[in-house]
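A.B. asks: After the sequence you'll find the predicted model.
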Amino acid sequence: MRSITDTIHAEFAARFPTSLKRYAEAVEVFPSGVTHDSRYLKPFPLYISHAEGAHKWDLDGNEFIDYWGGHGSLLLGHNHPTVVRAVTEQLSRGTHYGASHELEIAWGQWVQRLIPSAERVRFVNSGTEATLMAIRLARGFTGRQNIIRFAGHFHGWHDTVMLGYQVPYHHPSSVGIPGETLACVRCLPPNDIRAIERTLAEDRDVAAIILEPAGGANAVIPTRPGFLAALRDLCTRQGVVLIFDEVISGFRYAPGGAQAFFDVTPDLTALAKILAGGLPGGAVAGRADIMALLAFKDNPQANRYERMMHMGTFNANPLSAAAGVATLEIAATGEPQQQAGTLTLKLIQGMNDLLRAARMPGCVYGDRAAFHLFIGQEGFHPDDAGQILERAEPARLSAGMGRLAHPVRAALLLEGIDPSGSSGRLSSAHIEADVERTLAGFERAIARLKRWGVLKGDL
Ligand code: PMP
């Protein structure tokens, strides 16, 4: 008898034959054949040839409704004409001047206009670089070295943030991190203001508290109402730098990000993704007195001993600046967020109705910015979606679908739906018809999962 794994592989190979061939080449080039951990997929990842709006196509011509959205960077969908025009025009004027240029000023001014905490801005190249910079600034500014972060929150892949993202939280997500670095990190449960108060009372060496304001791992573990305001208050009283990692929430919850949406202003904000309109880019935006650590003074001693040094060949490169300015100008209207948000809520409700009808355990939950699949999870019901924190331990949520994650994703891909792992985000290019097609595909995917027998099967 064929195993479940063989069945899934056979269905994948029949539908996506060219991707299977490319993957055979890729494993000889890249470890596990991929260039980002999240793109690893069993039985094999798909190779995309082009994308447009809310859709993308693989090498065999299969079409997908795209909920990955450039890892969250494409609020306007693929190839928005205004962004394409801006980047194309810039391309013919040069991709790197090794010099300051006007577009970087315009880009920084958009960040200042939109993000409440952005008194000053510095561009970097990714979200990882942005959180690295924010943490270093906080340490330099306070002269303290410890960092408080929350279990399950994601902040990129540099050394300091490798403890506390994955279960078990006390074990770093990567090998190769010095013990001294790990010893500087206090990983606390999310949403627990008392635990933070206790830690700050015992530890006078805390420089910063960093978190994803809307919730850990792109709000898979949502933030409780009132927590951010209490945290802001505590940080102000204790002189601890509050860092919002808005790499994914920035410009998405609102034009001013989650800090505008929840009306709580941090000291520093890490930005990336939508910031650069689908091209590489990141930034730290924050209080002028903290950002001044990056400034040169007319004092060689201070410049050598009291500054935060910062280089980066592609910081504020003209192409990313062009895409960023074009995108932020449209994001500033609030319309893309409104449009994507309304359809996201509709999709969540529709998916839960289908789970309910199919008597499939689990639920789909989320907010206007993203949906999260929690499918095949015994003890969970579609009615739990609105109160997921009451129903599940944060660790249970951040562990996700476990062994079902790959089969669920595979079943959805076979139905022409591409969520990013077990979450998905809409863009302003998604329309009602996409939601309807997704719900029809989702229904067939549930049937396929049942046919595969993955719920009770031994994968
Ligand atoms: N922080 C958050 C909240 C993120 O979602 C991500 C990326 N998914 C990062 C940091 C890291 O950003 P990058 O992949 O650009 O390094």
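C.D. replies: It's in. As the structure is a prediction and not an experimental result, all values here were calculated from the model.

A.B. asks: In contact with residue 167, which residues?
C.D. replies: 152, 395, 398-399 (Cβ atoms under 8 Å, 6 or more residues apart in numbering). Heads up, the C-betas are built off the backbone N, CA and C, glycines and all.

A.B. asks: Can you get me a residue count around the residue in the chain that the ligand sits nearest to?
C.D. replies: Scanning the chain for proximity to the ligand using Cβ to the nearest ligand atom identifies residue 127 as nearest, at 2.2 Å. Other residues within reach of residue 127, judged by other Cβ atoms under 10 Å, total 28.

A.B. asks: Can you tell me how far it is from residue 165?
C.D. replies: 13 Å (Cβ to Cβ, to the nearest Å).

A.B. asks: anything in contact with each of the two?
C.D. replies: Contact criterion Cβ under 8 Å, 6+ apart; residues shared by residue 127 and residue 165: residue 155.

A.B. asks: before we move on, the earlier item: do I have it right that the residue of the chain closest to the ligand meets residue 247?
C.D. replies: Yes: judged on Cβ atoms under 8 Å, residue 127 makes contact with residue 247 at a distance of 3.5 Å.

A.B. asks: What mean pLDDT does the helix ranked longest in the chain get?
C.D. replies: The helix that spans the most residues within the chain, counting by DSSP state H, is helix 335-358. Averaging pLDDT along helix 335-358 gives 97.

A.B. asks: Would you list the strands that whichever helix or strand comes after it pairs with, along with their directions?
C.D. replies: Scanning forward in sequence from helix 335-358 by DSSP states H and E, the next helix or strand is strand 362-367. Paired neighbours of strand 362-367 in the sheet (DSSP bridges): strand 370-375 (antiparallel).

A.B. asks: for the chain, what are the low-confidence residue spans?
C.D. replies: Scanning the chain for pLDDT under 70 picks out the ranges 456-459.

A.B. asks: What parts of it come near the ligand?
C.D. replies: Residues of the chain found near the ligand (Cβ under 6 Å from any ligand atom) are 71, 126-128, 131, 154-156, 212, 218, 245, 247-248, 272.

A.B. asks: List the contacts of residue 220.
C.D. replies: 152, 372, 397-398, 400, 423.

A.B. asks: Most neighbours among these, please name it.
C.D. replies: In terms of neighbour count, residue 372 stands highest of the contacts of residue 220 at 28 neighbours, by other Cβ under 10 Å.

A.B. asks: pretty sure that one contacts residue 352?
C.D. replies: No: taking contacts as Cβ under 8 Å, residue 372 lies outside contact range of residue 352: 11.8 Å.

A.B. asks: and residue 51, that's in a helix?
C.D. replies: No: counting by DSSP: H, G, I helix; E, B strand; the rest coil, residue 51 is not found in a helix; it is strand.

A.B. asks: Domain parsing of the protein, as residue ranges.
C.D. replies: Annotated domains of the chain cover 4-77+335-452, 81-331 [automatic domain parsing].

A.B. asks: now, which of the contacts of residue 220 sits nearest residue 94?
C.D. replies: Closest approach between the contacts of residue 220 and residue 94, by Cβ to Cβ: residue 423, at 37.2 Å.

A.B. asks: For the closest one, give its distance to residue 267.
C.D. replies: Residue 423 is 28 Å from residue 267, by Cβ to Cβ.

A.B. asks: Could you do residue 343 as well?
C.D. replies: 34 Å.

A.B. asks: Looking only at neighbour counts, state which of those two leads.
C.D. replies: Taking other Cβ under 10 Å, residue 343 and residue 267 do not tie; residue 267 has more neighbours (25 against 21).

A.B. asks: contacting residues for the residue of the chain closest to the ligand?
C.D. replies: 155-156, 245, 247-248, 270-273, 282.

A.B. asks: one more time with 7 Å
C.D. replies: Under the criterion of Cβ atoms under 7 Å, 6 or more residues apart in numbering, the neighbours of residue 127 are 156, 247, 270, 272-273, 282.

A.B. asks: Tell me the helices and strands packed up against whichever strand or helix holds residue 196.
C.D. replies: Here residue 196 sits within helix 193-202, counting by DSSP H and E. Helix 193-202 sits against strand 185-188, helix 227-238, with contacts defined as 3 or more Cβ pairs under 7 Å, 6 or more residues apart in numbering; DSSP states H and E.

A.B. asks: Buried residues in that helix, which are they?
C.D. replies: Neighbour-count burial for helix 193-202 flags 193, 196, 200 (criterion: 16 or more other Cβ atoms under 10 Å).

A.B. asks: export it as PDB, just CAs?
C.D. replies: Provided in PDB are the C-alpha atoms of helix 193-202 (Å, rounded to 0.1, in the frame of the first residue of the first chain):
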ATOM      1  CA  ILE A 193       3.000  43.000  32.200                       C
ATOM      2  CA  ARG A 194       3.600  41.600  35.800                       C
ATOM      3  CA  ALA A 195       6.400  39.300  34.500                       C
ATOM      4  CA  ILE A 196       8.100  42.300  32.900                       C
ATOM      5  CA  GLU A 197       7.800  44.400  36.100                       C
ATOM      6  CA  ARG A 198       9.400  41.600  38.100                       C
ATOM      7  CA  THR A 199      12.200  41.200  35.600                       C
ATOM      8  CA  LEU A 200      12.900  44.900  35.600                       C
ATOM      9  CA  ALA A 201      12.900  45.000  39.400                       C
ATOM     10  CA  GLU A 202      15.600  42.300  39.500                       C
END
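
A.B. asks: related to what we said a few turns ago, compare the contacts of residue 127 and tell me which has the most neighbours.
C.D. replies: Of all the contacts of residue 127, residue 270 has the most neighbours under the rule other Cβ under 10 Å, reaching 31 neighbours.

A.B. asks: how about the residue lying closest to that residue once chain neighbours are set aside, what does it touch?
C.D. replies: Counting by Cβ to Cβ, 6 or more residues apart in numbering, residue 270 lies nearest to residue 130, which is 3.7 Å off, once chain neighbours are set aside. Listed by Cβ under 7 Å, 6+ apart, the contact set of residue 130 reads 124, 247, 270-272, 282-284.

A.B. asks: try residue 33
C.D. replies: Here residue 33 is in contact with 23, 26-27 (Cβ under 7 Å, 6+ apart).

A.B. asks: so how far is the first residue of stretch 205-215 from its last?
C.D. replies: End-to-end span of stretch 205-215 (Cα to Cα, to the nearest Å): 25 Å.

A.B. asks: Could you give me the buried positions within it?
C.D. replies: Neighbour counts over stretch 205-215 (16+ other Cβ under 10 Å) mark 206-215 as buried.

A.B. asks: Out of the contacts of residue 33, which end up buried?
C.D. replies: Here, 16+ other Cβ under 10 Å leaves 23, 26 buried among the contacts of residue 33.
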